[in-house]
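Enquirer: below: sequence and its predicted model.
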Amino acid sequence: MYPMNEILRGIRPGMPGRRMLPELLALVVREGVLERSRALSVFNLDELCGSLHRELGYDFSRGNRRRMIRLLIDLLVDCGWMEPARYGDRWSCRLHGIHLPGENPADATEGDGQVDFFRRCLRLVPGYLRGEEAPIAFDAENLHVWEEFLGCDEFQACRSVLLDRMASIAGDSASLLDLCHGPGWGIERAMERWPEARITAIDFTDAFAGSAKVRADRGYARNAARGRVSAPVEWFGPSDWKGFGHPLPFPEGAFDAVLFSCGDSYIRPDARNAVYADLRRVLAPGGILGILTRGYPDPEHRHVPSYWVRVTVLIHDFSESVCAGWHGFHDVGENQEMFSRLGFRGAWSPGGAMNLLDSALWILKKG
Ligand SMILES: C[S@@+](CC[C@H](N)C(=O)[O-])C[C@H]1O[C@@H](n2cnc3c(N)ncnc32)[C@H](O)[C@@H]1O
């Protein structure tokens, strides 16, 4: 077991938000979104989208683009650039002169995979909002984009925290499903933190199969060098599973634990219930589900209280919206209600909370 503060060192909550806020605000100003909202005085989402369509050529006829404008409103309210009006879902712009905040030099270190990914996405936003197809997909062309992003320090540290807790509940030689394995960062980390776990990995595309297998082999070799023999990973791909909305190709109670990292936001909102009910089905009684995601900032600041985490979540959600199939981060209260209704309970100790770190890490036990 590793000391907690060593693991948490890679998690600097809110760091990407600090780095990216000036760039996102500059984009909002450059695109003319702020100018349009100022011209409307008091507006609702329909009125703002109508103006952005007429004046800037934004295309809200399909996809998640309308949701992106709602995300911007929530961000600008949190930043104090907009404020809610007294009645209904309406807002007004508070700014008369624009002063973009400068980047904090303490956060300006280069080379973070998460910040680089958000920058790449933001460069694609103007074209996407004007109707271009989602430019980043889960395909071979974007393999390196996903590898760099998903391997960032924050996600790796979060996977460690999740896996340590899951291992301590499920026991050393548990069966573990890595749901939506992607480039394999979760598998490699599981082999490091939980070497005796018997890992099964599944994804709905085989675009990542090669790189995930390389990471699995690397984890296997590292364990072997230390005299620990891990079981070979069992692989399932697109011929076994067509993705969220289709049942997983495993029998009831097949796994002691499921790791679900950075995939929740690709579930269609109307399929969430069925997807998590199916995940519960494949867990053994008392089995553990560990989820890495982010909680959508709530107006009451109860579930996501920290300012820079809220900013990070909104910028992350807005940026990744240019990726094919992105549905965004979900309301924490609704998640808690759904998980309880489906028969999960919280398994963080002490106290059995469902989530921690501003609702980014979830540990659920099949009741
Ligand atoms: C952001 S990646 C996360 C990958 C990996 N779990 C990690 O933490 O690095 C999202 C994953 O969800 C998968 N995915 C995206 N849309 C999906 C869908 N509609 N059904 C099933 N899987 C999907 C992708 O193939 C990818 O592996």
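Expert: Nice, thanks for sending it over. A quick note: this is a predicted structure, and the numbers were derived from the prediction, not measured.
Enquirer: residue numbers of the stretch 201-350 of the chain in contact with the ligand?
Expert: Proximity of the stretch 201-350 of the chain to the ligand is confined to D203, F204, T205, F208, G243, F244, S261, C262, G263, Y266, G325 under the rule C-beta under 6 Å from any ligand atom. The C-beta positions use only the backbone N, C-alpha and C, and glycine is treated the same way.
Enquirer: list just the nearest of the residues you listed to M68.
Expert: G325 (14.6 Å; C-beta to C-beta).
Enquirer: for W235, see how far away that closest one is.
Expert: 22 Å (C-beta to C-beta, to the nearest Å).
Enquirer: could you check which of these two has the larger neighbour count?
Expert: Taking neighbours as other C-beta atoms under 10 Å, G325 and W235 compare with W235 leading, 18 against 15.
Enquirer: residues touching the longest strand along the chain, excluding its own?
Expert: Counting residues, the longest strand in the chain under DSSP state E turns out to be strand 283-292. Contacts of strand 283-292 with the rest of the structure, by C-beta atoms under 8 Å, 6 or more residues apart in numbering, involve 155, 158-159, 162-163, 165-166, 169-170, 253-262, 264, 279-280, 344, 347, 360-366.
Enquirer: restricted to strands, list these.
Expert: Short answer: the contacts of strand 283-292 in strands (DSSP E) are 255-261, 344, 361-366.
Enquirer: make JSON lines out of those and add pLDDT and neighbour count.
Expert: JSON lines is the format used below for these (pLDDT from 0 to 100; neighbours: other C-beta atoms under 10 Å):
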{"residue": "F255", "pLDDT": "98", "neighbour count": "24"}
{"residue": "D256", "pLDDT": "98", "neighbour count": "24"}
{"residue": "A257", "pLDDT": "98", "neighbour count": "27"}
{"residue": "V258", "pLDDT": "98", "neighbour count": "25"}
{"residue": "L259", "pLDDT": "98", "neighbour count": "29"}
{"residue": "F260", "pLDDT": "99", "neighbour count": "22"}
{"residue": "S261", "pLDDT": "98", "neighbour count": "24"}
{"residue": "F344", "pLDDT": "98", "neighbour count": "24"}
{"residue": "L361", "pLDDT": "97", "neighbour count": "23"}
{"residue": "W362", "pLDDT": "98", "neighbour count": "27"}
{"residue": "I363", "pLDDT": "98", "neighbour count": "25"}
{"residue": "L364", "pLDDT": "98", "neighbour count": "27"}
{"residue": "K365", "pLDDT": "98", "neighbour count": "20"}
{"residue": "K366", "pLDDT": "98", "neighbour count": "22"}
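Enquirer: of these, closest to P22?
Expert: L361 (27.9 Å).
Enquirer: show me the contacts for that closest one.
Expert: C158, V161, L162, G290, I291, L292, N355.
Enquirer: what's the closest of those to the ligand?
Expert: The ligand lies nearest to L292 out of those, by C-beta to the nearest ligand atom, at 6.7 Å.
Enquirer: okay, now the closest one: neighbour count?
Expert: With other C-beta under 10 Å as criterion, L292 counts 21.
Enquirer: which non-adjacent residue is nearest it?
Expert: Closest residue in space to L292, ignoring its immediate chain neighbours: S261 at 4.1 Å, by C-beta to C-beta, 6 or more residues apart in numbering.
Enquirer: spatially nearest residue to the closest residue to the ligand within the stretch 201-350 of the chain (excluding sequence neighbours)?
Expert: Here the stretch 201-350 of the chain gets closest to the ligand at one residue, G243, 2.7 Å apart by C-beta to the nearest ligand atom. Leaving out its chain neighbours, the residue that sits closest to G243 by C-beta to C-beta, 6+ apart is F204, at 3.6 Å.
Enquirer: quick check: the one you found touching W241?
Expert: Yes - at 5.7 Å, F204 counts as touching W241 under the criterion of C-beta atoms under 8 Å.
Enquirer: helices and strands of this structure: which one bottoms out on pLDDT?
Expert: Lowest on mean pLDDT, DSSP states H and E among the helices and strands of the chain sits helix 4-8, with a mean of 65.
Enquirer: buried stuff in the next helix or strand after that helix?
Expert: Using DSSP states H and E, the helix or strand that directly follows helix 4-8 along the chain is helix 15-31. Buried residues in helix 15-31, counted by 16 or more other C-beta atoms under 10 Å: 15-21, 23-25, 27-28, 31.
Enquirer: about what we covered before: and the residue nearest to G243, how close does it get to L292?
Expert: Going from F204 to L292 by C-beta to C-beta gives 18 Å.
Enquirer: give me the pLDDT for the residue of the stretch 51-200 of the chain found nearest the ligand.
Expert: Nearest residue of the stretch 51-200 of the chain to the ligand, counting by C-beta to the nearest ligand atom: G182, 2.5 Å away. The model reports G182 with a pLDDT of 98.
Enquirer: so what's it closest to, chain neighbours aside?
Expert: Closest to G182 by C-beta to C-beta, 6+ apart is F208, at 5.2 Å.
Enquirer: please apply the same query to M191.
Expert: G219 is the one closest to M191 (C-beta to C-beta, 6+ apart), at 3.1 Å.
Enquirer: these two touch, right, that neighbour and W194?
Expert: No - here G219 lies out of contact with W194, judged by C-beta under 8 Å, at a distance of 10.4 Å.
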